[in-house]
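Undergrad: got a predicted model here, sequence first, then my questions.
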Amino acid sequence: MPWIKIIPFDAATGRLKQLYTRIAGPGDNVDNIMLAHSLRPHTMEGHMALYKAVLHHRENSVPKWLLELIGVWVSARNGCDYCLDHHFAGLKRLLRDEVRAVAIWDATQRGVLDDLPVGDKERAALVYAGALNDLARQMGETDIAALRQAGWSDAEILEINQVTAYFAYANRTVLGLGCSTRGDIIGLSPGNDDDPDDWGHH
């Protein structure tokens, strides 16, 4: 549980109960990162809207496994085990390749980009994500040019930027409020990309 007071599912009323019901997983389970918003439900609503748009929206064209990998890469760099555990489970489910997943986990834990089993195009996205996360003040137009050179369109560059920025936000929400995975069901997500309003975790 977070370090601040939270309102559990069975004690929620009004707008908070509506949001909990909308995002809950099996057994009315609500992830701790969302429970952390319970004293200000409007921030939970904003968080979920951004999360769904960045990772689980039908208009995204960057492969979802790569968006998840960017999240894993950024979370590892920020030392956010909560997001790392949740999103590696999602990545693993999408890959359906145990050997590749193990190699990704190992390279991510060591922070060695060159050891990730991805192509040059995907590696360019991860270089950008790492730089934006670690050295945001030093970013320049050349960083965008490198992504274009690797084959990413400007719309896809926006997706890469937004998923990186989202995980910076999520990591700091977790680390700053002390969220743990205790009681969470690891790896669930609102995966119905065709319905932006479906926030249920499955």
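TA: Nice, I can see it. Numbers count the residues shown, from 1 in each chain.

Undergrad: alpha carbons only for contacts and neighbour counts from here, please
TA: Noted.

Undergrad: which of the helices or strands spans the residue nearest the centre of the chain?
TA: Centroid-nearest residue in the chain: G71, 4.7 Å away (criterion: C-alpha atoms, centre = their mean). Assessed by DSSP states H and E, G71 sits inside helix 64-77.

Undergrad: returning to what we had before: how about the residue nearest to the centre of the chain: what's its closest non-neighbour residue?
TA: F167 (5.8 Å; C-alpha to C-alpha, 6 or more residues apart in numbering).

Undergrad: distance check, that neighbour against L66.
TA: Remark: distance between F167 and L66 (C-alpha to C-alpha, to the nearest Å) = 13 Å.

Undergrad: the two: which is more packed in?
TA: Applying other C-alpha atoms under 10 Å to F167 and L66 shows that F167 carries more neighbours, namely 24 against 20.

Undergrad: where does that one land in three-state SS?
TA: helix (DSSP: H, G, I helix; E, B strand; the rest coil).

Undergrad: let me see the contact set for it.
TA: 71, 74-75 (C-alpha atoms under 8 Å, 6 or more residues apart in numbering).

Undergrad: from L126, how far off is it?
TA: 13 Å.

Undergrad: for R137, same thing?
TA: Distance from R137 to L126, by C-alpha to C-alpha: 17 Å.

Undergrad: now swap in P190 and tell me
TA: According to C-alpha to C-alpha, P190 stands 24 Å off from L126.

Undergrad: name the residue in these two with the higher neighbour count.
TA: L126 (25 against 22).

Undergrad: correct me, but the more buried one touches W73?
TA: Yes. With contacts counted by C-alpha atoms under 8 Å, L126 reaches W73, the gap being 7.4 Å.

Undergrad: coming back round to it: what average pLDDT does the helix holding G71 get?
TA: Mean per-residue pLDDT for helix 64-77: 98.

Undergrad: which helices and strands sit right next to the helix or strand that it is followed by?
TA: Counting by DSSP H and E, the next helix or strand C-terminal to helix 64-77 is helix 81-95. Applying 3 or more C-alpha pairs under 8 Å, 6 or more residues apart in numbering; DSSP states H and E, we find helix 81-95 packed against helix 64-77, helix 98-110, helix 154-177.

Undergrad: which one of those helices lies nearest to A12?
TA: helix 154-177 (20.0 Å; C-alpha to C-alpha).

Undergrad: give me the pLDDT for the residue nearest to A24 when sequence neighbours are not counted.
TA: Spatial nearest neighbour of A24, chain neighbours left out: V30 (5.0 Å); criterion: C-alpha to C-alpha, 6+ apart. For V30, the model assigns a pLDDT of 97.

Undergrad: V30: neighbouring residues, count only.
TA: 22.

Undergrad: that one in helix, strand or coil?
TA: Going by three-state DSSP: V30 is coil.

Undergrad: again, but for D193
TA: D193 is classified as coil under three-state DSSP.

Undergrad: likewise D198?
TA: Per three-state DSSP, D198 ends up coil.
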